[in-house]
Each structure stands twice: as C-alpha cells, then as structure tokens.
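Chemist: Build me a model from this:
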Amino acid sequence: MTGDELFLERISIDWGRIPRGSYLRQIPVLSGLHELGFSRPVTFFSGENGSGKSTLLEALAIASGFNPEGGTKNYAFSTHDSHSELFSALRLTRSWRFPKGGYFLRAESFYNVASAEEEYSQFGGTPQHFHERSHGESFLKLAQNSFRPDGLYFLDEPEAALSPQRQLTLLLEIYRCAAQGSQFIIASHSPILLGFPDAEILQFGGGAIRPCPYEETESYQLTRLFVNNRQQILRRLLEEDARG
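Modeler: A predicted model of the protein is given here:
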C-alpha cells in the first residue's frame, strides 16, 4: 500500500480552535505542530511519557469517528469524559479509499470496553467474555477478533498488558492485517513492536516530531544498554539511591 492509498494521509491542526489557556499549548511537541503526514501502512509514535503521543493518537481516533474510550465506531458508551479538545481542531486528509472497519484500542480504558462489549453482545453477536480471561489474554483476543483487512486502527500502548511473547504475536497480527490493506497508527514504548519491518517511527521529543530509525529510538537504546550492562547499571542506580 503506497502513501496515496492510505486511509489517513495527512493531518493539520487549527490552533485558533484551541483555547488560549488549554494545557495542549504547554506540550512542546504539540504546540509547535501544524501538519503531519503519514507514508506507510504502520506508523509508530515513540517518545517519553508526557510527550504528547497518546494525546495526539486519541485525537486522531476521535476525529476519525471512534469512541474516546475505545472500541469500534459503533461503541457509544462513556464512563469518564477525559479526552482533550484537540480532536475538534484536527483536519484530516483522507485518500480515495474508505476503511471497511477499524478499532481504537487503548490500554487504560480496556476494562470499560470489555464491559461495554458484554452489554452490546446481548443485542446480537457472539459474546467474547473478556472479563473471564486474564487482562493480557483478553487484550490479545480482542485484537485477533477485531483486526480485519482494509481497516483503520489506532492502538495506544498495546504492549501494556502483554508479555514479550504475546507482543510478538500481536506484531504478527498487525503484519498480516497491514498486508491486507489496513493502516495502523500506534503509540508505543515497546522495543519489540517498534521493530516492525518497514514501519515509520515518529519520535516525539525536543519540541518536535521527527522520523527516527529503529536503532535510534530511546526504547531500543535503553533496552540494549540495560541488557548488555545490567549489573553495572543496577549497581550504579542502587548506590545513587542509597546515597539519597
């Protein structure tokens, strides 16, 4: 799938629609963002906590018609209205292709989505019984059941509930689905998921968003440093903590 065949090609932000006192203006990466393009079927947002990647992903999902707490476009429940107003300032540039399905999967509100799924299943469909499985099993099962060809998917830190082995399973599910015409935009810290072949990684940091090779991501570099120097790093870290 080429850049002009992606469902979501580009976004722009009209900051005139964001209140002057909004906390969004205090996030350096976002406050300097006016346009952002997508060029590959799988795009990762990478960066430190608080850098704005999940905030932007959430706004993209809502502007694309998904429920703020997650789910398909048919989910309409709300347990806690916590999303920002950024979605209302986004302008989405779409291609001629129209997605046949999609999902907004976010770790922090998965319990609420699982509860809503139980309620919705009473009116048709096959109940998935997510609450009867472990968090990680339910999370992966939802992805396996929801990922379809020609869909648009937003995933917010999907690795949060998954073991390294299950992260590899999720990576394979994403690969299969992307190969069948789907587009994924994913916020992640996982050095496993970030290693997805031919994905575009956008690094959030230093007041900007920039393309970043996998080996230069903070997640990869820190994980590699720790694995190769575990004893030295732990000794130094614990000694510094003991000194107060």
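Chemist: in the protein, which segments are predicted with low confidence?
Modeler: 1-4, 74-83, 107-136, 241, 244 (pLDDT under 70).
Chemist: Could you rerun that using 50?
Modeler: 77-80, 111, 120-124, 127, 129-132 (pLDDT under 50).
Chemist: Remind me which helix or strand I209 belongs to.
Modeler: strand 208-211 (DSSP states H and E).
Chemist: Contacts for that strand next, please.
Modeler: Here strand 208-211 makes contact (CB atoms under 8 Å, 6 or more residues apart in numbering) with V29, G32, L33, L36, E200, I201, L202, Q203. Backbone N, C-alpha and C define where each C-beta goes, glycine included.
Chemist: Go ahead and build a PyMOL selection from the buried members of those residues.
Modeler: Selection of buried members from the contacts of strand 208-211 for PyMOL, criterion 16 or more other CB atoms under 10 Å:
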select buried, resi 29+33+200+201+202+203
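Chemist: Where do the strands of the protein begin and end?
Modeler: 8-13, 35-37, 42-47, 90-94, 101-106, 151-156, 183-187, 200-205, 208-211 (DSSP state E).
Chemist: got those as JSON lines, with distance to P68 columns?
Modeler: Converted to JSON lines, these look like this (distance: least, CB to CB, whole Å):
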{"stretch": "strand 8-13", "distance to P68": "17"}
{"stretch": "strand 35-37", "distance to P68": "20"}
{"stretch": "strand 42-47", "distance to P68": "18"}
{"stretch": "strand 90-94", "distance to P68": "14"}
{"stretch": "strand 101-106", "distance to P68": "8"}
{"stretch": "strand 151-156", "distance to P68": "11"}
{"stretch": "strand 183-187", "distance to P68": "15"}
{"stretch": "strand 200-205", "distance to P68": "21"}
{"stretch": "strand 208-211", "distance to P68": "22"}
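Chemist: who are the neighbours in contact with the residue nearest to S146 when sequence neighbours are not counted?
Modeler: Once flanking residues are discounted, S146 sits nearest to Y103: 4.5 Å by CB to CB, 6 or more residues apart in numbering. By CB under 8 Å, 6+ apart, the contact list for Y103 reads F66, G70, G71, T72, S146, F147, G151, Y153, F154.
Chemist: The same query, at a cut-off of 7 Å, please.
Modeler: G71, T72, S146, Y153 (CB atoms under 7 Å, 6 or more residues apart in numbering).
Chemist: mind checking which of the strands of the chain is nearest N228?
Modeler: Proximity to N228 (CB to CB) singles out strand 42-47 among the strands of the chain, at 20.7 Å.
Chemist: Which strands or helices does that closest one pack on?
Modeler: helix 53-63, strand 183-187, strand 200-205 (3 or more CB pairs under 7 Å, 6 or more residues apart in numbering; DSSP states H and E).
Chemist: Other residues contacting it?
Modeler: Contacts for strand 42-47 (CB under 7 Å, 6+ apart): 53, 56-57, 174, 178, 184-188, 194, 196, 199-205, 212, 217, 219.
Chemist: change it to 6 Å
Modeler: Strand 42-47 is contacted by residues 53, 178, 184-188, 194, 196, 199-205, 217 when judged by CB atoms under 6 Å, 6 or more residues apart in numbering.
Chemist: Give the buried residues for it.
Modeler: Quick answer for strand 42-47 (16+ other CB under 10 Å): V42, T43, F44, F45, S46, G47.
Chemist: what is the orientation angle of that strand with helix 53-63?
Modeler: Interaxial angle of strand 42-47 relative to helix 53-63 (axes from the mean of the first three to the mean of the last three CA atoms, to 10 degrees): 140 degrees.
Chemist: re earlier: out of the strands of the chain, which gets nearest to E240?
Modeler: Ranking the strands of the chain by their distance to E240 (criterion: CB to CB) puts strand 200-205 first, at 24.1 Å.
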